[in-house]
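In: Here is my input, please return the structure:
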Amino acid sequence: MESNRFSRRSFLAKSAAVAPMILSSGVLAAHGKPGANDRIVTGHIGVGGMGRHHLGDFLDNVAAICDVDSARLEEVRGQLPSPVDTYTDYREVLDRKDIDAVLIAAPDHWHGLMMVHACQAGKDVYVEKPACKTIEEGQAMVTAAKKYDRVVVVGSQGRQHPASAAIREYIQDGVIGDVQRVECWHVDNPMGGDPAKFGPAPDHLDWDRWLGPAAWRMYNPDYCPFNFRWVLDFGGGQIRDRGAHVFSVVSWCLGLDEKGPTKVNATGEHPTSGIWDVPQKFYIEYTFEDPGLTVTWDQRGARPVDYDFGAVFIGTKGQTVLKGGDGGCTAEQKVLDYLTEKHGETVTGRGDALKANHLNWFDCIRTRETPLMNIEAGHRIASMCILGNLSYRLERPLTWNAKKEQVIDDIGANRVLGGPGRGEYVLPVL
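Out: Numbering: from 1, shown residues only. Down below sits the predicted model:
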């Protein structure tokens, strides 16, 4: 696993290769608050893990960083090349009139509420994947972006990768015929977390604020910072982590951004020990009627190629494999050879997808156009992950009306498409 720590030298080395994201005079006039020197001024909410990676591309823009872990906050501030303001409450970042846009890289269960509040505060938003924890959150995020005319990008950067673009063109050119089945795979969820570690949170961590809208539970160091992914109420397992990447590419390649499955059927083994509750040996089948298509998610151990995750597109004339789906994607050589011949120049399938997603966000802030990885698509993709987990938790198949975003003839399932929040951490009425 890659370390989340970084040195000042490596941080600056990374930023040196990235052109400053400066806009020409007046481009922010649409929302009336250009930053100093006509640059887009950013605030960063959550500076662990991906939050630190994001900072490397925004060193000429960042004015404020925020994290509920004050020790982490001070560590990151000390590694930045220029002074920035620090906060432990994200709402103080949103209150700043000089900040034009925010990047949200808090744990998954915070994405929906923070993004909606950011839109209400007039900020454009880059929110990490998965876009939301519940269907209700996703709906509120889409509504907020439209109501407040905000540019929102979701951090499923895989569709910005040249390898994904190559596979998309290969498929849309009909080389493998009509795609009838997509088989996604991933290594299994881990099992563990030590119940003997429950106790008070360290002084530098505001545990109540870390929990936010999630249900209250006692602190355990095996919940955070990284392992929240293995708790259904926080992260939701590999399907909501990497599945949000893989499904993003699949949806983009096959034109599913405005559609959804009609049936979702998940099976999995309940963990037998530890405090993490994500399923083991997890398998989901999604049925789409338009187009006639089956998409599967398989965490039972089989790998079509030697890679931890990806997708196999199976058509009437052949198939092709995507390795990965996030910032690291690989297309088969036959795909690259086809495009090299088609375009008369070498196609390598290599590129920096994360930087491309950042640049697309900034360009769309300037033009007010719709980003490639927009919140509507992010909500649809997150919905697939959410419905898979929901089918597992309810232990029954779900029949889904993607237009109404409701489970058909299942009152119990529809009651848990949202959540009550907790205390002050509730979605506003839009």
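
In: This protein: helices as residue ranges?
Out: For the chain, the helices defined by DSSP state H cover 8-16, 50-55, 70-79, 90-94, 111-120, 135-147, 162-172, 207-211, 238-241, 243-254, 333-343, 353-367, 375-394, 411-415.

In: Pull the contacting residues for residue 244.
Out: 129-131, 156, 378, 381-382, 385 (Cβ atoms under 8 Å, 6 or more residues apart in numbering). Where you see a C-beta, it was placed from the backbone N, CA and C, and this is true even at glycine.

In: For residue 40, which non-adjacent residue is closest in space?
Out: Nearest residue to residue 40 in three dimensions, chain neighbours excluded: residue 100, at 4.9 Å (Cβ to Cβ, 6 or more residues apart in numbering).

In: gap between the one you found and residue 83?
Out: Plainly put, residue 100 is 19 Å away from residue 83 if you go by Cβ to Cβ, to the nearest Å.

In: One more: residue 354?
Out: Residue 354 is 25 Å from residue 83, where distance means Cβ to Cβ.

In: Residue 387 too?
Out: 45 Å.

In: got it, and residue 164?
Out: From residue 164 to residue 83 the distance is 38 Å (Cβ to Cβ).

In: How many residues are close by residue 310?
Out: The local packing of residue 310 (other Cβ atoms under 10 Å) involves 23 other residues.

In: In contact with it, which residues are there?
Out: Contacts of residue 310 (Cβ under 8 Å, 6+ apart): 184-185, 246, 304, 321-325.

In: mind running it again at 7 Å?
Out: Contact analysis of residue 310 by Cβ atoms under 7 Å, 6 or more residues apart in numbering lists 185, 246, 321-325.

In: That one bridge partners, please.
Out: residue 185, residue 323 (DSSP bridges).

In: what is the rounded mean pLDDT of stretch 292-305?
Out: For stretch 292-305, mean pLDDT is 96.

In: what's that stretch in contact with?
Out: Contacts for stretch 292-305 (Cβ under 7 Å, 6+ apart): 179-189, 238-239, 243, 250, 281-288, 312, 321, 323, 388.

In: Next, the buried residues of it.
Out: By 16 or more other Cβ atoms under 10 Å, the buried positions in stretch 292-305 come out as 293, 295-299.

In: Can you show me the CA trace of that stretch as PDB?
Out: The C-alpha atoms that make up stretch 292-305 are tabulated as PDB, following Å, rounded to 0.1, in the frame of the first residue of the first chain:
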ATOM      1  CA  GLY A 292     -29.700  -5.100 -23.100                       C
ATOM      2  CA  LEU A 293     -26.700  -5.600 -21.000                       C
ATOM      3  CA  THR A 294     -25.400  -7.400 -17.900                       C
ATOM      4  CA  VAL A 295     -22.700  -6.000 -15.700                       C
ATOM      5  CA  THR A 296     -21.200  -8.100 -12.900                       C
ATOM      6  CA  TRP A 297     -19.000  -7.200  -9.900                       C
ATOM      7  CA  ASP A 298     -17.000 -10.200  -8.700                       C
ATOM      8  CA  GLN A 299     -14.900 -10.400  -5.500                       C
ATOM      9  CA  ARG A 300     -14.700 -14.100  -5.300                       C
ATOM     10  CA  GLY A 301     -11.000 -14.500  -6.300                       C
ATOM     11  CA  ALA A 302     -11.000 -15.100 -10.100                       C
ATOM     12  CA  ARG A 303      -8.900 -12.800 -12.200                       C
ATOM     13  CA  PRO A 304      -9.100 -12.800 -16.000                       C
ATOM     14  CA  VAL A 305      -5.600 -11.200 -16.000                       C
END
